[in-house]
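Asker: Quick one, what's the 3D model for this:
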Amino acid sequence: MTNLFSIFDPSSFFNISLNWISTLMSMILIPMMFWMIPSRSEILWKKMINLLHKEMKLLMNNKSNGLTLNFISLFILIFFSNFMGLFPYIFTPTSHISMNLILSMPLWLTLMFFGWTNYSNNMFSHLVPQGTPNILMPFMVCIESISNLIRPMTLAIRLSANMIAGHLLLSLLGNSGKFNLFLSILIITQIMLLMLEFAVSLIQAYVFSILSILYTSEIN
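Answerer: From the prediction side, this is the model:
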C-alpha cells in the first residue's frame, strides 16, 4: 500500500519536473495591468478621457446611458486624423468634406429619426422658440427647419475649412523660404504655426464632438 502523501510528489518526464509548471501557468492568468506600470502617455489619455466623460455627461444632463463612449471615440478619431496630417507626406482625411460628411451625416440622420419617432411633440416645440410673437411663427419655423437641415453640412465644412487653412499656410511659408534671407525667422514662424495647428486639431475634434452632443441633448 503506497503512502497517501505520494500524490503530492512532483512527477518527472525525462528528468523534468512537470508539476511545477502549474506555478508558471497561474502567472499567465494574472491580468496584464498587474505586470505593467502605466506610462505617462497612458495616464494622460486616461485623465483626458475621464475629463471628457464628465463634461459630456454634464451636457447630457447626467443621462449618458453609454453615449459618452461613442462621442469620446469620435473625438479620438478626429483628433488622430488631424494630428497625423501635420506630418510630412501623410494624407489628412479630415480636410475633405466627403470624409467629414461620413462622420456627421449618419449621426444627424440617426438623431432625427430617433427624435421624430419617439419625441415628436418635443421636436415640434424646438421649431418655435419660447416667446416668439404669433406673426413671426411661420418665419421662425422656416428658419429653424433650415438651420436644422444644414447642421451636418456646417459640421463638415467647419472641420474641413480649419484643416485646409492651416495646411495651406504652412505649405506657403515652406515654399517661400527657399531663397529667403531671413530663413531662421521663417523656421521659428513655422514652428509656432505647427504648434498652433496642433491646438487647432485638438480644438476642432472637441468642437465637433461637443456640437454633436448638443444636438443630441435637444431631442429629449
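Asker: Just give me how far stretch 175-194 sits from the chain centre.
Answerer: When distances are taken as CA atoms, centre = their mean, to the nearest Å, stretch 175-194 is centred 32 Å away from the chain's centroid.
Asker: What's the mean pLDDT across it?
Answerer: In this model, stretch 175-194 has a mean pLDDT of 75.
Asker: Please measure how far the first residue of it sits from its last one.
Answerer: Terminal residues of stretch 175-194 are spaced 15 Å apart (CA to CA, to the nearest Å).
Asker: Only the buried residues of that stretch, if you could.
Answerer: Within stretch 175-194, not a single residue qualifies as buried, counting by 16 or more other CB atoms under 10 Å. From N, CA and C alone the C-beta is placed, and that goes for glycine too.
Asker: Helix or strand: which one has the spatially most central residue of the chain?
Answerer: In the chain, the centroid-proximal residue (CA atoms, centre = their mean) is F75; its distance is 1.4 Å. Per DSSP states H and E, F75 falls inside helix 67-84.
Asker: Can you tell me the element E197 falls in?
Answerer: helix 183-217.
Asker: quick one: that helix to helix 67-84, angle?
Answerer: For helix 183-217 against helix 67-84, the angle by axes from the mean of the first three to the mean of the last three CA atoms, to 10 degrees is 160 degrees.
Asker: which other helices and strands contact helix 183-217?
Answerer: helix 40-59, helix 67-84, helix 97-118, helix 151-176 (3 or more CB pairs under 8 Å, 6 or more residues apart in numbering; DSSP states H and E).
Asker: got the buried residues for the last one?
Answerer: Translated: helix 151-176. R151, P152, L155, A156, R158, L159, S160, N162, M163, G166, L170.
Asker: Repeat that for the second one.
Answerer: For helix 67-84, burial by neighbour count (16+ other CB under 10 Å) applies to 68, 70-72, 74-79, 81-83.
Asker: what would those look like in TSV with distance to F182 and pLDDT?
Answerer: Below are those laid out as TSV (distance: CB to CB, whole Å; pLDDT from 0 to 100):
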residue	distance to F182	pLDDT
T68	48	83
N70	48	85
F71	45	88
I72	44	89
L74	42	89
F75	39	91
I76	39	89
L77	39	89
I78	36	90
F79	34	90
S81	34	88
N82	30	89
F83	29	88
